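Participant: Dropping the sequence and predicted coords here.
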Amino acid sequence: MLTPEEMEIFDEDFKHFAVANGVSNEEWLEMNTSNKELATQLVGLFSDTVLQKVYEKLKFIEHRSPSSCLVFKLNDSEIDLISLNAKSDKVDLSSAESIHDALVNNASELSIFRSNKKYSKVREEEIHEMLSQGCVNSSEAFWMMLEKVVD
């Protein structure tokens, strides 16, 4: 479900969505006060639609911690992974600056590998789970930089 703050951002989109689903503005206002369950279902359906579109557009996500940096390329049928793991506490992989420093000055303290796998679920469902577990949006530029290191 989108939060109330997120719903404010999508206010106009929601109005169009409601109308497309046969709910006028007046009906929505009435539903929102007299039938909260139905209103919540409509907001849930809208939230799913918005998230589906966002997930379809995502191409790169990552998960960072002091001891690892996992960067995922989200292809149509499989996920590619580049993983950096610290071999000791001397290396911190939680920020772009510390990753750069580790690659330049402490490469021997890193284990780096690459792998890929087919999605075990529908692509967008798997992306949703990964984001729920702490992954965040990443960039193609970061992926390409790491590819150069791995190759």
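Facilitator: Looks like it came in fine.
Participant: alpha carbons only for contacts and neighbour counts from here, please
Facilitator: Fine.
Participant: Can you give the distance of the helix or strand where residue 97 lies from its chain's centre?
Facilitator: Taking DSSP states H and E as the criterion, residue 97 maps to helix 96-105. Centroid displacement of helix 96-105 relative to its chain, using C-alpha atoms, centre = their mean, to the nearest Å, is 24 Å.
Participant: hey, where'd the helices end up in the protein?
Facilitator: Applying DSSP state H to the chain gives helices spanning 4-9, 11-20, 25-34, 36-57, 96-105, 123-132, 140-150.
Participant: Show me what counts as buried in the third one.
Facilitator: Residues of helix 25-34 classed as buried under the neighbour-count rule (16 or more other C-alpha atoms under 10 Å) are 28, 31.
Participant: counting contacts, what elements does it pack onto?
Facilitator: helix 11-20, helix 36-57 (3 or more C-alpha pairs under 8 Å, 6 or more residues apart in numbering; DSSP states H and E).
Participant: neighbouring contacts of the longest one?
Facilitator: Helix 36-57 has contacts (C-alpha atoms under 8 Å, 6 or more residues apart in numbering) with 1, 2, 14, 17, 18, 28, 31, 32, 124, 127, 128.
Participant: And the furthest pair within the residues you listed?
Facilitator: 31 and 127 (32.4 Å; C-alpha to C-alpha).
Participant: and of the helices of the chain, who's closest to residue 113?
Facilitator: Judged by C-alpha to C-alpha, the one of the helices of the chain that comes nearest to residue 113 is helix 140-150, at 7.2 Å.
Participant: domains of the chain?
Facilitator: Following automatic domain parsing, the chain resolves into domains at 4-56, 59-150.
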